[in-house]
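1. Show me how the following folds:
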Amino acid sequence: MYTLDATDSFAIEQPSGAYVYDVVPVAGGIVSISSDDTVRLFDPSNLHRGPVYSVPKVNSEVTCLEALDHQGSIVCTAGRDGKVAILDLRQQSRVAQIGTGSNAPILSLATCKDAYAVAAGTELTNGQAEVIVWDTRSLNAPRLQYTESHNDDITELQYHPTETAILLSGSTDGLVNLYNTTVLEEEDALHQTLNHGSSIHKAGFLNELDIFALSHDEKFAIYPMITNTEASVEEPPSTQFGDLRESLGCEYVASVFGRPSGGGVVGIGSHSQSNFSLVQLKNSPPWAISTESPVTLSGGHGGEVVRSFCFVDEVIYVTAHTQPANVHAETNDLNSNNDSPPAALSALQHEHGQHGAEYYQGLVGEALSVLEPLEKANSRYSTLKTSRFSSTALYYLGELVSQLYFSAPPADKGTSDQGIEGKDGGQTLTGPLSDGVALLRESAKNNNSDAIYLLAQMSFYGNFSYPKNLTESFQRYSQLASLNGNSSAQHMIGFMYATGVGGVVKRDPAKALLHHTFAAEAGHSKSEMTMAFRYQNGIGTSRNCDEAVTYYKKVADKAIAWYRSDEPGGKAWVADSYSLADDDGGVYGEGASASSAGVNAQRGGGGLDAHAALDDVLEYLDLMSGKGDFKATFSLGRIHYNGQKGLNRDMKAARKYFQSVVGQYWKRDGTKVESTDKPDIEKFACNAAGYLGRMYLRGEGVDINYDKALHWFRRGITGGDAGSANGLGLMYLHGLKVSKDAAKASDLFRAAADQDYAPAQVNLGKLHLDQGRADDIQIARSYFELAARYGSIEAYYYLAEIANFGIGRDRSCGLAAAYYKTVCEKAEPLLSSFAEANEAYANGDRELALLDYMMTAEQGYERGQANVAYLLDQENSILKLSNHSPISKPRSTLLENPDLALVYWTRSAKQNNIDSMVKMGDYYLKGIGSEPDMEKAAACYTAASEFHQSAQALYNLGWMHENGIGLIQDFHLAKRFYDEALETNDEAYFPVTLSLLKLRLRSAWNTLTHGGVNSIRYEPAPSKQWSLSEWINNFMEDDRLHYMDYEEDDLLRRNDPTPGGDDGMYDDVIDDGVVESFIIIALAGALVWLIYYRQQRQLAHRQNEGAARDQGNQPRPVGGQLDGGVFPRNGDPAFQQWVAGGVGH
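-> Okay, here's the model as predicted:
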């Protein structure tokens, strides 16, 4: 037997009679809650000095306490008021509060720090007891609610020690349930149910595989956890201990704790004997209670009942009891009759040596406190904006200077031999970075999951200026995945096997699929998207549309829940997914790429600074606005409200401009300005009023104010503004400051929808869909399809649901997958890393940009795939200089991966990126990333040419037919493709004309020598005899189409081709060899010389004739003619033959 003596204590003096409910260990000490509804933080070594921090009145009748973060600075409490309070002990204040909705008293609380989850169990209220789970990153609404599994008070909640998705609940109905919280449907979420048979007082996990249950009548049992719910096995036998009061000779049982050694500790008390003891549970197996050497606290709390106890470190534990309130620290009695410490006290001295898990968790917190200031002080990026010229000049100057002073080859960060201990890529860490990393490595050695994850992220992304090293990163992720199956680690391992990035591991689609499966089953959204994309396209597995839909729907459900968390109207954000190549005019340059030529030319190309054009527009609009142009003012407001590439949303600026517009039409009292000579002012003022109403309705840049929202919406609808009608409809639909009136809301939505306003079309579609009738479903689908044209995420979601479940139509798996995929990809801020990738690319960190874009590419984003391929493309360099140039910067080895470039060009091409199709053909033609394959190259060019948007593809097909490479040699077909290339893009005039010149010469030679190639033939255009009425109709239609071609956008400066820009389209594809290029140039030069020579001969001849006439000695011969020069004249029998072979015919 062992006895512990009290070394320190604290008692609550005021209010009198207060008692302690619970104590919880945290990194900074011990936190308690008491009957006076106060949270206190203690230093265990100085209890007598009182609490370090106190937060009073956290709840009304507080009942529960849990730590929320690893550092223990954030805790949460709950009470009978139905509220969960989140407290920051450093600020000594409540930072957030959430409720159960029904205000049902909360009796139990659980937190999962790694999953950012808070779970609460309620008392039976209105016939219902609930388990409610919130995500601490978004507390607006519960993430899930289970209401049918228990029919009495829920008295216990606890998360699994390693499987963060598993939640245990215990109830006074005698049941202990285990839920898989990644599943929303309650029936499917039940992982296991245990019937203890008596009202549950305490229940929880002793270790990863064993669960205990303790009833209010002190009956105790241990149950094995089922790990495979799909296997058809019988419920494993439990270990029943019966009433512990009889077997242990106690009067009550306080609680039971599992210990890291694999056993457990039972706290028992006898208030009549004024003692409290700890008894060891041994996992032999089977489980057994050791009564040989209990640890007794003789007289520690008098005759009071101990409610809670906890372990702080190896030798200190704390107990709390009823009255008077007391917290005691006990220490080991040196007069013990046994030389070895009791198991209960030495339990933490396991494989970690002299320190427990909380010690190493504290090291992680200390490391973060050291590293976080370092991140701010060494930010990778600068927000300085400069002009186009200066920013470009400075960038190139920096590149040049880096070559002059740092000419050593770059280190291969991706394939370093650095091990898991970290050699830091040959760099020596110093200062705070060295100190922080040392703390993390010490914790990681002892299997602290947070430390391992932080080191993995630091070595992968280079956080806190830590040297990037993908080898170390892979080893860290593998360590973490092996330790507890962490889903983020599984995702990253799957990513590295999928891409083989950095050469750390070989690309292995099977292993990638395996690890992504593990991560997806744990609810990792990015892995779920990756799995869906792979099943949809048969990457590493056979195609399976149903599996793709299953995974896409899981992510789409999360995406739409995230979107709706900012009601009314849903979240708003600026899209970050755009193509890097578009900033350079496309993959092949301005005008030569399908993305910037033909029908796509109006979108405008980029320049060296994409922000410059936007700055010019804003400057011009601001100038016009200052002169009183209300249209310019409104445009400024809308631009700042919506945001766009290179410009974040600015609600303050938007509200200022909108207020300026409405002020030009309405006075402050609501009356209209007496006289105005501004046409269309009413329309723009009403539109601005609609925006102001939306801002007040949603609290964008202002506090939510339904009165003001109503005021502005009512003004806006006087001018027929669709946004105002939709906003007012939302207020009537939800009863915001007005009485609920679905019929009136429907009328308002219809008025806006008739103006082709997408949000109103969605709202009206939802109302029709709720009716459930066949005709209403068809109407709803029509509205959703209309709204989908404008990219509405909700419209796509409903269309996906209709297609997936066959609502009002046959089920279409392919259509459902496509719609769900669109929903997922639109929720960029939630699911993608485009923002981080764009920022890295804009600031010159190509490696980091590549990694972030590659993440999105693996999730199935086409633009991510195109961006990765563009970065890996060996023909795409920053300065467009030869690699042998003395000032060219060596590319990182991470960017030297032509095989991977071909993979992503291919995946982008399969998602209908025309330029990627052409690039894919180039790679097969030149043997980049694969063996040369002319047939595949021709197939790629043919597929791209079918869209009639890529002159490059058509030109390449012409070249292949001309030379018989990959296609049959046919001069006639070659000419046809060259002509189509010119018709598709008139900017191809010069290269196509030169190619046609050479082709005609080759065709003529082939004809003269009776060669075996099909020569160019004359193809007369088919003619049709039109009647007079047909001729008039066609004439009028052509005239109408001519005028329709002129649009306002055609006049914008951004659509003008870049002056002096090099299209870069036909570099290296005019011919295979340099010799033929010189021949073409020589022929063109000869033609120019012949024309010049002919003109000089004619001039000399006329001068001679004139001189002869003046002298009268050389009369002009009768019937004679001037020298015709080299070419036959019109009327000459050879003229028609010459025309048939003329240039450009």
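2. Run through the residues that contact Leu728.
-> By Cβ atoms under 8 Å, 6 or more residues apart in numbering, the residues touching Leu728 are 693, 710, 713-714, 717, 748. Where you see a C-beta, it was placed from the backbone N, CA and C, and this is true even at glycine.
3. Next, count neighbours for Ile648.
-> One thing to correct before we go on: residue 648 is Asn, not Ile. 9 (other Cβ atoms under 10 Å).
4. Disregarding residues adjacent in the polypeptide, which is nearest to it?
-> Counting by Cβ to Cβ, 6 or more residues apart in numbering, Val574 is the residue found nearest to Asn648 once chain neighbours are left out, at 6.6 Å.
5. so what's the one you found up against?
-> 642-645, 647-649.
6. if I look at Gly370, how far off is Val364?
-> You called it Gly, but residue 370 is Val. 11 Å (Cβ to Cβ, to the nearest Å).
7. Check Val702 too.
-> In terms of Cβ to Cβ, Val702 sits 40 Å off from Val364.
8. ok, back up a step: most widely separated two among the contacts of Val574?
-> Lys645 and Arg649 (12.2 Å; Cβ to Cβ).
9. who's in contact with Gln659?
-> 688, 692.
10. Please give the element, helix or strand, for it.
-> Gln659 belongs to helix 651-663 when assigned by DSSP states H and E.
11. Sort out which residues of that helix are buried, please.
-> When neighbours are counted by 16 or more other Cβ atoms under 10 Å, the buried residues of helix 651-663 are found to be 651, 654-655, 657-658, 660-662.
12. starting at the chain centroid, how far to whatever helix or strand comes next after that helix?
-> Per DSSP H and E, the first helix or strand lying C-terminal to helix 651-663 is helix 681-698. Distance, stretch centre to chain centre, for helix 681-698: 31 Å (Cα atoms, centre = their mean, to the nearest Å).
13. Name the next helix or strand downstream of helix 681-698, please.
-> Criterion used, DSSP H and E; the element after helix 681-698 is helix 706-717.
14. Also compute the angle for whichever helix or strand comes after that next one relative to helix 706-717, please.
-> Scanning forward in sequence from helix 706-717 by DSSP H and E, the next helix or strand is helix 722-734. Relative orientation of helix 722-734 and helix 706-717, computed by axes from the mean of the first three to the mean of the last three Cα atoms, to 10 degrees: 140 degrees.
15. Can you verify the residue nearest to Asn648 is assigned to a helix?
-> No - going by DSSP: H, G, I helix; E, B strand; the rest coil, the assignment for Val574 is coil, not a helix.
16. Pull out the buried positions in stretch 940-954.
-> Under 16+ other Cβ under 10 Å, the buried positions of stretch 940-954 are 940-945, 948-954.
17. So which one of those is the model least confident about?
-> Of all the buried residues of stretch 940-954, His948 carries the smallest pLDDT score, 85.
18. Just the buried residues of the helix or strand harbouring Leu433, please?
-> Element membership of Leu433 [criterion: DSSP H and E] is helix 431-445. By neighbour count, with 16+ other Cβ under 10 Å as the criterion, the buried positions of helix 431-445 are 432-433, 435-437, 439-444.
19. before we move on, the earlier item: can you redo the contacts of Val574 as a markdown table, where the extra columns are secondary structure and distance to Ser45?
-> Output for the contacts of Val574, formatted as a markdown table (DSSP: H, G, I helix; E, B strand; the rest coil; distance: Cβ to Cβ, whole Å):
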| residue | secondary structure | distance to Ser45 |
| --- | --- | --- |
| Asn642 | helix | 57 |
| Gly643 | coil | 53 |
| Gln644 | strand | 58 |
| Lys645 | coil | 57 |
| Leu647 | strand | 55 |
| Asn648 | coil | 49 |
| Arg649 | coil | 51 |
